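Engineer: For reference, the sequence and a predicted model appear below.
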Amino acid sequence: MGSEGPKSVIIHVTGFKKFNVFATNPTETLVSNLKNHVEKTGLPPGVSLGSCTVLETAGDGALPMLQKLLESSVSSDNSSKEIVWLHLGLNGGASKIAIEKQAVNEATFSCPDEFGWQPKRLPIVPEDGEITRIRETGCSIDAIVEFLNKIKGCDAMISDDAGRFVCNYVYYHSLRFAENKGHKSLFVHVPPFTRINEETQMQFMVALLEAIAFSC
């Protein structure tokens with residue numbers, strides 16, 4: 001894990017707007033404040049923070065902005081850097097931060113998204129085939145979690161189920177794009193600030209950026 005130190009990595013981050021009963025999504029707060037925070041705290045050598053974008057909490061509603069963001073990284077002059085897409089989502093019932101291993105080609109929304117869409121057992125990308133198709137992150141999540149927990153004193157866990165809602169929907173599209181372009185993509189579910197407060201989660205974000213760089 002990073003025996004030669006962190007590589008030169010640019011990390012683009014996304015979060016989501018309000019969702020259901022959560023008028024303020026913690027991921028919107030984290031992503032909106034991340035650049036100012038790292039300007040004060042600094043980043044590890046070799047790590048650059050790219051775009052920080054808040055998406056609509058909607059499947060097709062988030063897709064145009066997501067695709068525009070992904071494509072913009074290809075047109076930019078980042079050939080000398082590893083490009084990582086880091087997506088944050090809310091798990092309202094969680095008490096721990098979860099690093100998501102994979103996404104499934106299935107959209108089955110348990111409730112309508114913020115644009116009123118509620119698909120059932122639909123393939124996210126029809127040309128990928130069945131709804132059982134899985135795409136896994138190219139990031140070394142074992143190394144990331146080990147770095148976070150053992151070196152940084154965090155309390156993160158690995159998850160192999162990102163659900164079937166908007167988080168999984170966005171993650172699947174991002175993983176597919178990343179695989180095609182030689183990038184990497186990672187999704188992280190965070191709990192509400194009532195479970196882990198904003199300051200702690202922001203500190204976790206900085207540690208996560210460093211963990212990603214060391215594991216690339």
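Structural biologist: On my side now, so go ahead.

Engineer: Check which helix or strand the residue nearest to the spatial centre of the chain maps to.
Structural biologist: Note on the chain: the residue nearest the mean C-alpha position is His87, at 1.7 Å, using Cα atoms, centre = their mean. Taking DSSP states H and E as the criterion, His87 maps to strand 82-90.

Engineer: Mind listing the strands that strand pairs with, and their directions?
Structural biologist: Using DSSP bridges, the strands paired with strand 82-90 are strand 9-16 (parallel), strand 184-190 (parallel).

Engineer: any residues touching the shortest one, and which ones?
Structural biologist: Pointing back at strand 184-190 there. 26-27, 30, 82-91, 94, 97-100, 103, 137-139, 141, 144, 159, 162, 167, 170-171, 174-175, 177-178, 196, 201, 208, 212, 216 (Cβ atoms under 8 Å, 6 or more residues apart in numbering). C-beta coordinates here come from the backbone N, C-alpha and C atoms, glycine included.

Engineer: Stretch 115-130 now?
Structural biologist: Outside stretch 115-130, the residues touching it (Cβ under 8 Å, 6+ apart) are 56, 58-61, 105-109, 111-112, 131, 133, 168-169, 172-173, 176.

Engineer: Would you list the buried entries among these?
Structural biologist: Among the contacts of stretch 115-130, those buried by neighbour count (16 or more other Cβ atoms under 10 Å) are 56, 58-59, 61, 105-107, 109, 131, 133, 168-169, 172-173, 176.

Engineer: The chain: helices as residue ranges?
Structural biologist: 26-41, 59-75, 141-146, 166-181, 198-215 (DSSP state H).

Engineer: Where does pLDDT dip in the protein?
Structural biologist: For the chain, the stretches with pLDDT under 70 are 1-7, 75-79.

Engineer: switch the cut-off to 50
Structural biologist: 1-3 (pLDDT under 50).

Engineer: picking up where we left off before, among the helices of the chain, which comes closest to Phe19?
Structural biologist: Nearest to Phe19 among those is helix 166-181 (7.9 Å), distances taken as Cβ to Cβ.

Engineer: now the angle between strand 184-190 and the closest one, please.
Structural biologist: 160 degrees (axes from the mean of the first three to the mean of the last three Cα atoms, to 10 degrees).

Engineer: I'd like the distance between His87 and His12.
Structural biologist: In this structure, His87 and His12 are 9 Å apart, going by Cβ to Cβ, to the nearest Å.

Engineer: hang on, the earlier thing: and the helices of the chain, which is most packed in?
Structural biologist: helix 166-181 (a mean of 22; mean count of other Cβ atoms under 10 Å).

Engineer: how many degrees apart are that helix and helix 26-41 in direction?
Structural biologist: 60 degrees.

Engineer: by contact count, what packs against helix 166-181?
Structural biologist: strand 9-16, helix 59-75, strand 82-90, strand 102-104, strand 134-136, strand 184-190 (3 or more Cβ pairs under 8 Å, 6 or more residues apart in numbering; DSSP states H and E).

Engineer: quick one: which of the ones you listed is nearest Gly42?
Structural biologist: Nearest to Gly42, of the helices and strands packed on helix 166-181 and by Cβ to Cβ, is strand 9-16 at 14.6 Å.

Engineer: Report the contact partners of Ile196.
Structural biologist: Counting by Cβ under 8 Å, 6+ apart, Ile196 touches Ser95, Ile97, Val190, Phe204.
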